[in-house]
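*Asks:* Quick one, what's the 3D model for this:
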Amino acid sequence: MPSNKTRAQSANTPFILFFSLFIIGTPLCFYSSLMDAGMLSKFMFASVSLLPLVAYAFWKKPYQWELGDSIISLLLVLYFLSITWAQNIQEACFASLKVGLFFVVYIVLKQLLRQVAPPIFTWIFRTLGIVSVLIGLATLVQFVQVMATDSGNMLRATYEVKLFFGHKNLLCSFLFLLLPFQLMAYQQNTHKTWKYLYLFNCLLILIIPLLLLCRSVFMALLVSGISWSIWQYRRHPSSKKQVLRIGSGIVVVFVGLIMVFSLLSDSQTFLSRFNPASMFQSFTAQERFLIWEKNAALIQQKGILGVGAGNWFIEFPSNGIETIPRMAISNKVVVRPHNDYLWVWTEVGIGGLLLLLAFWCWHIVQAIRYRKTTTDVAYQQRAAIALFAFLGYLLISFLDFPRERVEHQLLVALLLLFMLPISHESSPDKSTKKPTNTWKNYGLLTICYSLLAACLLVGFYRVKGEIATQQLYQYNAKKNYAKVAAFAQKAKNPFYSVDPLSYPLNYWYGFSLARQNKREEAVKALEASLIDNPYHYQLLSNLGLTHLQLRHIEKAEKYLLASHKINSQYKRNSELLALMYYTLKRYGEARKFVQLVRQSKSPDATAPEFEEMVKKLEQL
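*Replies:* Next up is the predicted model:
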């Protein structure tokens with residue numbers, strides 16, 4: 001009969017394969033034909049790479065169910081229940097399945113960590129070390145290239161450095177989540193070559209957020225570093241010199257970067273970006289505050305149950321967006337609140353937020369409790385680093401949106417699990433227990449495979465939809481409206497009805513028909529698109545315009561005023577209202593909207609017919 005050690009070592013091969021495919025492949029997965037080239041491709045890759053490991057993890061191996069598993073299960077159920085009251089069911093399904101994918105990742109990793117032999121930690125650290133150096137070096141190369149071509153505006157240039165992650169903040173936050181594993185590896189590895197690699201990765205991860213002027217990760221590094229230093233000093237007073245050396249090294253790095261930016265003639269940008277006195281006075285910080293303020297009204301209205309998974313960007317404009325300049329004047333779309341706590345609360349209610357916080361707190365409590373009772377120094381170090389890194393992640397979640405990204409949630413799951421006793425190398429091999437309650441394992445297998453099958457099905461349809469939408473945008477830029485209509489129809493499917501910029505696909509179909517003077521058909525398509533996104537002010541305005549062209553005055557006024565209520569600064573809509581009221585000889589109302597057009601800060605030129613109408617109005 002094979003020994004426990006032999007059985008544990010047999011788990012290494014599939015586990016290493018999982019990390020080779022999943023850990024390295026997921027963050028690097030990128031498909032440029034998609035609208036969001038990073039998120040959906042990573043979602044699909046992760047779903048496929050999990051398939052063989054689910055069977056390996058649960059087949060005739062009992063799973064030890066804990067309170068944390070119950071909490072995340074309840075959160076998952078709540079997300080799926082919210083589909084029933086969501087405005088846009090397709091987006092609710094996709095958002096719920098992202099939570100479902102995290103659930104699968106979490107319990108599979110948890111089960112595998114219970115079965116593997118201690119050497120597996122070496123493989124985990126080495127795999128993450130390879131990921132760190134690949135992403136870190138690729139980021140530096142892209143940064144140098146961008147600065148060489150756009151050295152005139154450093155802040156603008158940094159937004160071009162995003163690699164496979166869609167945004168520089170997501171790139172930096174992913175590197176931040178890799179940092180604790182590099183620190184654990186450096187502390188517990190005796191192989192010099194690998195130790196040098198881990199140290200090099202740590203320096204890269206400390207430098208890159210500063211290079212890219214990423215304040216949320218900078219603050220997270222400060223919170224985690226200061227918390228760890230206080231803990232280290234209080235627990236080991238003799239480590240004062242070590243803490244001072246690390247702190248001095250960080251200061252040297254910071255000063256060195258100031259010197260680099262001085263050579264680039266942009267040290268002022270660097271200093272102002274990280275100046276605590278002005279950090280929350282920047283344009284992006286102020287914009288976040290405005291979004292959160294508007295979001296509070298939505299929570300006040302629907303904070304108990306929420307608006308439904310994935311429906312934040314659908315419902316957010318319902319209370320008006322005129323106070324958010326980039327949305328109101330520049331016609332930019334905000335699809336997330338840049339605060340994961342508000343995001344969860346708004347979508348699945350106060351119960352969802354409390355469940356998420358309870359899930360996190362359970363792991364923190366477990367780490368603190370077990371660290372006090374164990375004598376395993378290696379586990380204590382890993383758990384402490386994971387805990388303090390997680391505190392930094394909590395801060396990033398307050399300012400950005402790492403929760404929606406698969407590659408981030410994989411590392412978050414690992415951080416949480418490294419806090420638990422299952423990452424204790426000398427813990428008993430749970431797989432040696434006599435298999436009991438086999439039906440529970442079959443139940444977990446069924447749930448996991450059902451979730452993964454749903455992820456692949458929904459993901460496949462959304463990939464098809466996004467590829468067609470990308471082509472739709474290209475033809476719209478060329479003003480080939482017949483092709484726009486064709487690809488709008490091709491993109492729409494049972495699991496994809498709104499593009500990543502919040503435009504319903506029926507809107508694009510109706511818009512293209514209106515441009516081809518097929519106004520009766522256009523009205524039907526535009527009205528149908530209200531089911532998918534009823535608060536899209538441009539959609540409402542175009543629907544009002546089409547009704548106006550058909551002389552449906554009452555409906556035209558209804559939709560144009562609805563658009564005005566959401567965004568009173570939409571210049572083109574105010575022009576249409578002024579023209580309509582002038583035609584109806586309601587001159588007082590026409591003058592009101594002429595005044596709004598004149599006060600508009602939009603750089604868009606006014607229509608010639610509007611200027612002609614204003615001249616006639618002034619003569620009355």
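*Asks:* thinking Leu137 is in contact with Leu204, fair?
*Replies:* Yes - with contact defined as C-beta atoms under 8 Å, Leu137 counts as touching Leu204 (7.5 Å). In short, each C-beta sits where N, CA and C put it, glycine included.
*Asks:* which one of those two has more residues nearby?
*Replies:* In this view Leu137 and Leu204 are compared by other C-beta atoms under 10 Å, and Leu204 has more residues nearby, 21 against 13.
*Asks:* name the helices or strands packed onto the helix or strand in which that one is found?
*Replies:* Taking DSSP states H and E as the criterion, the element that holds Leu204 is helix 192-211. Contact here means 3 or more C-beta pairs under 8 Å, 6 or more residues apart in numbering; DSSP states H and E; on that basis helix 192-211 packs against helix 120-149, helix 168-188, helix 215-235, helix 240-263.
*Asks:* Highest mean neighbour count out of those?
*Replies:* Greatest average neighbour count among the helices and strands packed on helix 192-211 goes to helix 168-188 (a mean of 25), per mean count of other C-beta atoms under 10 Å.
*Asks:* Which one of the helices and strands packed on helix 192-211 lies nearest to Ser70?
*Replies:* Each of the helices and strands packed on helix 192-211 was scored for nearness to Ser70 using C-beta to C-beta, and the closest is helix 168-188 (25.4 Å).
*Asks:* If you count contacts, what does that closest one end up packed against?
*Replies:* Using 3+ C-beta pairs under 8 Å, 6+ apart as the contact criterion, the secondary-structure elements in contact with helix 168-188 are helix 120-149, helix 192-211, helix 215-235, helix 377-399, helix 406-419.
*Asks:* Of all those helices, which one is nearest Leu560?
*Replies:* Checking the helices and strands packed on helix 168-188 against Leu560 by C-beta to C-beta gives helix 377-399 as the closest, at 36.8 Å.
*Asks:* quick one: the closest one to chain centroid distance?
*Replies:* 20 Å (C-alpha atoms, centre = their mean, to the nearest Å).
*Asks:* before we move on, back to that, now the helices and strands packed on helix 168-188 as TSV including mean pLDDT and distance to Leu456?
*Replies:* Output for those, formatted as TSV (pLDDT from 0 to 100; distance: least, C-beta to C-beta, whole Å):
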stretch	mean pLDDT	distance to Leu456
helix 120-149	88	24
helix 192-211	90	33
helix 215-235	84	32
helix 377-399	90	28
helix 406-419	94	13
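*Asks:* now those helices in JSON lines, with distance to Ser541?
*Replies:* Conversion of these to JSON lines gives the following (distance: least, C-beta to C-beta, whole Å):
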{"stretch": "helix 120-149", "distance to Ser541": "37"}
{"stretch": "helix 192-211", "distance to Ser541": "40"}
{"stretch": "helix 215-235", "distance to Ser541": "35"}
{"stretch": "helix 377-399", "distance to Ser541": "33"}
{"stretch": "helix 406-419", "distance to Ser541": "36"}
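*Asks:* Which of those helices sits closest to Thr84?
*Replies:* Across the helices and strands packed on helix 168-188 (criterion: C-beta to C-beta), the nearest stretch is helix 406-419, sitting at 24.6 Å.
*Asks:* which helices and strands sit right next to that closest one?
*Replies:* Contact partners of helix 406-419 among helices and strands, from 3+ C-beta pairs under 8 Å, 6+ apart: helix 24-28, helix 39-58, helix 89-115, helix 168-188, helix 340-373, helix 377-399.
*Asks:* now, of these, which is deepest in the fold?
*Replies:* For the helices and strands packed on helix 406-419, the stretch with the most neighbours on average is helix 168-188, a mean of 25; neighbours defined as mean count of other C-beta under 10 Å.
*Asks:* what about it, distance to the chain center?
*Replies:* 18 Å.
*Asks:* Over to stretch 190-199?
*Replies:* Counting by C-alpha atoms, centre = their mean, stretch 190-199 is centred 32 Å from the centre of its parent chain.
*Asks:* ok, residues contacting that stretch?
*Replies:* Counting contacts by C-beta atoms under 8 Å, 6 or more residues apart in numbering, the residues outside stretch 190-199 that touch it are Phe125, Arg126, Gly129, Val133, Gln182, Leu183, Ala185, Tyr186, Asn189.
*Asks:* Would you mind giving the residues you listed as a markdown table with distance to Thr375 added?
*Replies:* Formatted as a markdown table, those follow (distance: C-beta to C-beta, whole Å):
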| residue | distance to Thr375 |
| --- | --- |
| Phe125 | 22 |
| Arg126 | 27 |
| Gly129 | 28 |
| Val133 | 34 |
| Gln182 | 25 |
| Leu183 | 21 |
| Ala185 | 22 |
| Tyr186 | 22 |
| Asn189 | 21 |
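*Asks:* Quickly name whichever of the residues you listed is closest to Lys332.
*Replies:* Relative to Lys332, the closest of those is Val133; by C-beta to C-beta it sits at 35.4 Å.
*Asks:* the inter-axis angle of the helix holding Leu204 versus helix 215-235?
*Replies:* 130 degrees (axes from the mean of the first three to the mean of the last three C-alpha atoms, to 10 degrees).
*Asks:* If we go by neighbour counts, what in helix 192-211 is buried?
*Replies:* Applying a neighbour-count criterion of 16 or more other C-beta atoms under 10 Å, the buried positions in helix 192-211 are 194, 197-198, 200-202, 204-211.
*Asks:* Just give the closest residue to Phe143, not the sequence neighbours.
*Replies:* Of all residues beyond its chain neighbours, the one nearest Phe143 is Val161 (5.1 Å), with distances taken as C-beta to C-beta, 6 or more residues apart in numbering.
*Asks:* neighbours around the one you found, how many?
*Replies:* Counted by other C-beta under 10 Å, the residues lying close to Val161 total 24.
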